[in-house]
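A.B. asks: Model the following, please.
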Amino acid sequence: MVCPVCGEAYAEFQKTGLFGCSACYEAFAPRLDALFKRIHGVARHISGMPDGEETREGRISVLAAQLRQAVAREAFEEAGRLRDRIAALRRTARNMP
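C.D. replies: Take a look at the predicted model:
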């Protein structure tokens, strides 16, 4: 499976976790629903906040899932960045009234 716009192969996406372009979403759609369901527990984004705003806890949850994936792929630099983003969100939450 290859994106017709950028030529990104699905196998490469599996290695990096990054799409080559926005058209990859449609090109890889048949396989993404199962992937998103495994990672997030649902196949499609469902927002309970107006205008698609996410809660801090929701962002932490998504980042934690991405962190687990990065560790599983042994992408330790990416895992470190994700860990730092999670820690920053948690510090901000503790400092809020």
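A.B. asks: so what are the domain limits for this protein?
C.D. replies: Domain segmentation of the chain under automatic domain parsing yields 1-46, 48-97.
A.B. asks: Mean pLDDT added to those, as JSON lines?
C.D. replies: Formatted as JSON lines, the domains of the chain follow (pLDDT from 0 to 100):
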{"stretch": "domain 1-46", "mean pLDDT": "81"}
{"stretch": "domain 48-97", "mean pLDDT": "79"}
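A.B. asks: Dump those to CSV, plus mean neighbour count.
C.D. replies: C-beta here means a position set from N, CA and C on the backbone, and glycine is covered the same way. As requested, those are exported to CSV (neighbours: other Cβ atoms under 10 Å):
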stretch, mean neighbour count
domain 1-46, 13
domain 48-97, 13
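A.B. asks: V5 versus the most centrally placed residue in the chain, what's the distance?
C.D. replies: When Cα atoms, centre = their mean is applied to the chain, the residue found nearest the centroid is Q66 (5.2 Å). Q66 sits 24 Å away from V5, taking Cβ to Cβ, to the nearest Å as the criterion.
A.B. asks: quick one: F28 and P4 touch, right?
C.D. replies: No. Using Cβ atoms under 8 Å, F28 is not in contact with P4, being 11.2 Å away.
A.B. asks: just the helices in the protein please.
C.D. replies: In the chain, the segments counted as helices under DSSP state H are 10-16, 24-27, 29-40, 56-72, 76-95.
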